[in-house]
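Student: After the sequence you'll find the predicted model.
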Protein chains: 2
Amino acid sequence: MFQNKMPRYEVLSEDAMAKLDVAWRRLMTEVGVEFMDDRALELFRKAGQKVEGNTVFLDPDFVLEQVAKAPAEFDIQARNPAHNVHIGGDSMAFGCVYGPPFVRQGEVRRDATMEDFRNFTKLAQSFDVLDSAGGVICEPNDTPLDSRHLDMVYALQTLTDKIYMGNVVSGVNAADTIAMSSILFGGREKIEQTPASIQLINCNSPLRWDDRMLEAQFEYSAAAQPVVLTPFILMGAMSPVTIPAALVQQITEALSGIALSQLINPGCPVVFGSFLSNIDMQSGSPTFGTPESGIGLLCTGQIARHFGLPFRTGGGLTSSQTSDAQSGYEALMTMMPTFLAGANWVMHSAGWLEGGLVAGYEKFIVDIEILQMLQAEFTPLEIDEGSLAFDAHVEVGHGGHFLGSMHTMERFRTCFYRPLLSSSENYERWMRNGANDATARAEKKYTDVLEAYEPPPLDEAIREELEEYVVRRRAELGD
Amino acid sequence: MFQNKMPRYEVLSEDAMAKLDVAWRRLMTEVGVEFMDDRALELFRKAGQKVEGNTVFLDPDFVLEQVAKAPAEFDIQARNPAHNVHIGGDSMAFGCVYGPPFVRQGEVRRDATMEDFRNFTKLAQSFDVLDSAGGVICEPNDTPLDSRHLDMVYALQTLTDKIYMGNVVSGVNAADTIAMSSILFGGREKIEQTPASIQLINCNSPLRWDDRMLEAQFEYSAAAQPVVLTPFILMGAMSPVTIPAALVQQITEALSGIALSQLINPGCPVVFGSFLSNIDMQSGSPTFGTPESGIGLLCTGQIARHFGLPFRTGGGLTSSQTSDAQSGYEALMTMMPTFLAGANWVMHSAGWLEGGLVAGYEKFIVDIEILQMLQAEFTPLEIDEGSLAFDAHVEVGHGGHFLGSMHTMERFRTCFYRPLLSSSENYERWMRNGANDATARAEKKYTDVLEAYEPPPLDEAIREELEEYVVRRRAELGD
């Protein structure tokens, strides 16, 4: 997996960090955080925190004690050990878009189906640059609501041999994911030793953790499966319009959720989550790839490191409806800061369109290209005799060219990044080849990759056990 | 103009800088640099440098002595003082694409004309984010070759009141530019006091400065008009395929050109130039917005600061034929590092398409949007009582929303960047409005801006004098 050995780009001064520190402590103490779950309230009460109704007024130092119990880094096992993932440090792991009810293929935008879900899972398996297909890559609207989590987890487990995300719609769904992971990895002890899935727990920002997400969090933290505690902030709606206020709120929310996980199961793995953008103040629409989200992202990395926590942020976000120029620059406007900040777990890395409402097939390929380019770009230079190439200059001389020089001949196959999608064809050749823009070329690319897809091998007995589990549980859930 | 007060992103270690330092000294001493101009050779010989044929074997310490005479920062005057530009320090100045023989409007790609040149000049005047229309925004192929520099300079001087770039095709063209600047600004002394144009002097890399560019450099440096000494490097063709080697060559070339300017006129303003990308090793085509160019750009900034020189690099570069997704991410893949590096003079900031062969009308608008976003993003956060917004949290409470809060009401007009081009319309509204992608919307935008254009006022006597000069010189040049 990718290791980001480049420097981090940090934009907050010590003074700025100190001001944020004072502010989150005040917000946590005086306004507090709501937890819509009695077990959570009870845990906080027992730990000596002030609880009024559903609001917990947290002592910041108590919270930091809990946060200190969380591991700074941890592993997640994949059924193919070559695809195991490390979360934290210089490691960056990438998963697909998460949550869209719709898909787009070229001009067609329609409800997502289970076939789309499987297609995106296959695409994720096919590109090395992705560490995970993710979780809800798109909503399979043609499957029953109560049991579709079983179909999704089964698809993720069987069509890929990479890590996957667990379902978080309810405690029941969480328990099913854990049970299915236990089957795939040889028992619950095996996944408690090394987690087998990672899950997204969103805050109902501002300052409220909802009941169903908390149920899922209880299941996963008890089983030592990592949870990504994520303030879900569109500034102007779920937080004040100013970035410093959003950062303070984000710290308060994330740390309060992390403290809960540590009360449930001290030492269980957690991730400092961030989903931070802003709305358009004219229309109220969510906007992505904005300057404000870029700044927020850079600050988030610095803040998470300050607390010694692995962090999640970033992705290839855009508000655009199609895979056009806007989608290209907005995706990179988020993904470049993602690398500059060194985010450890990057959801929405491929396929995000239309503010997350759409999983785009062509956009998926655009995002893979962007990811591959950035992984190449964020690789430190090697400066040595060979790369300084003095002899090549002696060979070529003034005004010559290096195409045929020995130094070039020895390196030409690997010296530069080779594009997946980008074209540098000249005009005449590009016209002869059909005058296809990046979106048209992306369509051909994903079609070819899906045709070439082969499922990774899986022990037939395990597959049967998983299938039996799905069939039994589907019946129990009444679908 | 824009001041970049954010931190610089530096990727070269001290050790790496030291290795580059050893290497450029060796290259300059042992391989040397060719100057295809007898006056240049004579200046170097007189200054005690070893000259054999056209090759000057330069003493690195002598070169650094010359470099030290160049100002670290300087001003360029515009005929509207509000548009004066400062080159160096935290200042970043932006100009249009430079050099394309073709233009693209939607599906149409054709020869550029003088009308296109005027259109792009008007667009540049219309957007505050651009400090200059540049120089050869496109080649006006419908005007006579020998005198078109007169038409271009006249258009730049009259249709904008911003700074402009002087022509560098020959010493004669340079002298014409200087004469026209002298008319516009009230005499040669006035422009020698504060320069009135900036000019691009390209190296014929590797390691050769050609005669015509040198002629132009002699004219401009003698008149104390800044020259941007720019190694023109597509790695794999004009330099070795390895980035460290390209950086070493770039230092050698740029510093040798700067040393010449200081011999011509000690203390005259210069800029450390960089145009650094790579070719596709399969096809030999130039490629832009590549990972290698991004890294090279970041290193260039660090290197220029090391020598205490203002520097030029970056832009909205792309290999794409059209204003598609590729053009969006490639442009930003260059422009984001341009800001991270804090480049002082940024050519090709708007309108670049197809590897620089095409000036794109729609792409111009895409680039303006990218520039505006980055200027917003690279503005330091203000962290104070107001932006921390504790009271807004008290007002809104848990799970509420901030749309109508007092804090929001006081700030909603200016709190977020307002897009020029990007759409966050929801699907239904976007469909109702014609389902226009970014390129289609850009077409409408540039059309509207051209219609709304009004020329900045100019003293009629000066205009007449400029016109007379153009008419007279055109006749003298035989056109």
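Tutor: Right, received. Where do you want to start?
Student: ok and the residue in the stretch 251-400 of chain A nearest chain B?
Tutor: Closest to chain B within the stretch 251-400 of chain A is A:Gly328: 2.8 Å, counting by CB to the nearest CB. Every C-beta, even on glycine, is put in place using the N, C-alpha and C of the backbone.
Student: Are we agreed that that residue is in a helix?
Tutor: Yes - assigned with DSSP: H, G, I helix; E, B strand; the rest coil, A:Gly328 falls within a helix.
Student: Contact partners for the spatially closest residue to it that is not a sequence neighbour?
Tutor: Spatial nearest neighbour of A:Gly328, chain neighbours left out: B:Gly328 (2.8 Å); criterion: CB to CB, 6 or more residues apart in numbering or on different chains. Residues in contact with B:Gly328 (CB atoms under 8 Å, 6 or more residues apart in numbering or on different chains) are A:Asp324, A:Ala325, A:Gln326, A:Ser327, A:Gly328, A:Tyr329, A:Glu330, A:Leu332, B:Val366, B:Ala438.
Student: same check, this time on A:Lys69
Tutor: A:Lys69 makes contacts with A:Gln262, A:Pro266, A:Gly267, as judged by CB under 8 Å, 6+ apart.
Student: would you list those residues in CSV and tack on neighbour count?
Tutor: Output for the contacts of A:Lys69, formatted as CSV (neighbours: other CB atoms under 10 Å in any protein chain shown):
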residue, neighbour count
A:Gln262, 22
A:Pro266, 11
A:Gly267, 12
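Student: Please narrow the residues you listed to those residing in strands.
Tutor: Nothing among those maps onto strands, per DSSP state E.
Student: Turn these into CSV, including distance to chain B and pLDDT.
Tutor: As requested, the contacts of A:Lys69 are arranged in CSV below (distance: CB to the nearest CB, whole Å; pLDDT from 0 to 100):
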residue, distance to chain B, pLDDT
A:Gln262, 22, 98
A:Pro266, 26, 98
A:Gly267, 29, 98
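Student: Sticking with A:Ser182, tell me its helix or strand.
Tutor: Taking DSSP states H and E as the criterion, A:Ser182 maps to helix A:171-185.
Student: hmm, back to that, so how far is A:Ile365 from the residue nearest to A:Gly328?
Tutor: 14 Å (CB to CB, to the nearest Å).
Student: Likewise for A:Glu139?
Tutor: Counting by CB to CB - A:Glu139 and A:Ile365 are separated by 21 Å.
Student: which one of the two has more residues nearby?
Tutor: For A:Glu139 and A:Ile365, the more surrounded residue by other CB atoms under 10 Å in any protein chain shown is A:Ile365, and the numbers stand at 27 against 22.
Student: Next, give phi and psi for that one.
Tutor: According to degrees, to the nearest 10, the main-chain angles of A:Ile365 amount to phi -70, psi -40.
Student: coming back round to it: return the member of the contacts of A:Lys69 nearest to B:Ala389.
Tutor: Here the nearest of the contacts of A:Lys69 to B:Ala389, counting by CB to CB, is A:Gln262; it sits at 28.4 Å.
Student: Can you tell me which of the contacts of A:Lys69 end up in helices?
Tutor: Residues of these located in helices (DSSP state H): A:Gln262.
Student: Please list the residues of the stretch 1-150 of chain A that sit near chain B.
Tutor: Contact residues, the stretch 1-150 of chain A versus chain B (CB under 8 Å from any CB of the partner chain): A:6-7, A:9-12, A:16, A:19-20, A:23, A:26-27, A:30-34, A:54-55, A:109.
Student: So which of the residues you listed are in strands?
Tutor: Going by DSSP E, the strands hold A:Val33, A:Glu34, A:Thr55, A:Arg109 from the residues of the stretch 1-150 of chain A next to chain B.
Student: how deep is the third one tucked in, by neighbour count?
Tutor: Here the number of neighbours of A:Thr55 (other CB under 10 Å) works out to 18.
Student: next one: the second one
Tutor: Residue neighbour count, defined by other CB under 10 Å, stands at 23 for A:Glu34.
Student: now swap in the last one and tell me
Tutor: When counting by other CB under 10 Å, one arrives at 18 neighbours for A:Arg109.
Student: Skipping its backbone neighbours, what lies nearest it in space?
Tutor: In space, A:Arg109 is closest to A:Phe102, 5.8 Å off (CB to CB, 6+ apart).
Student: Got phi/psi on the most centrally placed residue in chain A?
Tutor: Geometric centre of chain A, nearest residue: A:Met347, 1.5 Å, by CA atoms, centre = their mean. Taking degrees, to the nearest 10, you get phi -80, psi 170 for the backbone angles of A:Met347.
Student: pLDDT value on it, please?
Tutor: A:Met347 carries a pLDDT value of 98.
Student: Now do the contacts for it.
Tutor: Contacts of A:Met347 by CB under 8 Å, 6+ apart are A:Gly95, A:Cys96, A:Val97, A:Tyr98, A:Gly134, A:Leu200, A:Val228, A:Arg312, A:Gly315.
Student: try 7 Å this time
Tutor: Counting by CB atoms under 7 Å, 6 or more residues apart in numbering or on different chains, A:Met347 makes contact with A:Gly95, A:Tyr98, A:Gly134, A:Leu200, A:Arg312, A:Gly315.
Student: Is there a quick ChimeraX command that grabs whichever of these are buried?
Tutor: Per 16 or more other CB atoms under 10 Å in any protein chain shown, the buried members of the contacts of A:Met347 correspond to this ChimeraX selection:
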select /A:95,98,134,200,312,315
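Student: Among the contacts of A:Met347, which ones are in strands?
Tutor: Those of those lying in strands (DSSP E): A:Leu200, A:Arg312.
Student: got JSON lines for the ones in strands among the residues of the stretch 1-150 of chain A next to chain B, with pLDDT too?
Tutor: Listed next are these as JSON lines, based on pLDDT from 0 to 100:
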{"residue": "A:Val33", "pLDDT": "98"}
{"residue": "A:Glu34", "pLDDT": "98"}
{"residue": "A:Thr55", "pLDDT": "98"}
{"residue": "A:Arg109", "pLDDT": "98"}
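Student: No more questions from me, cheers.
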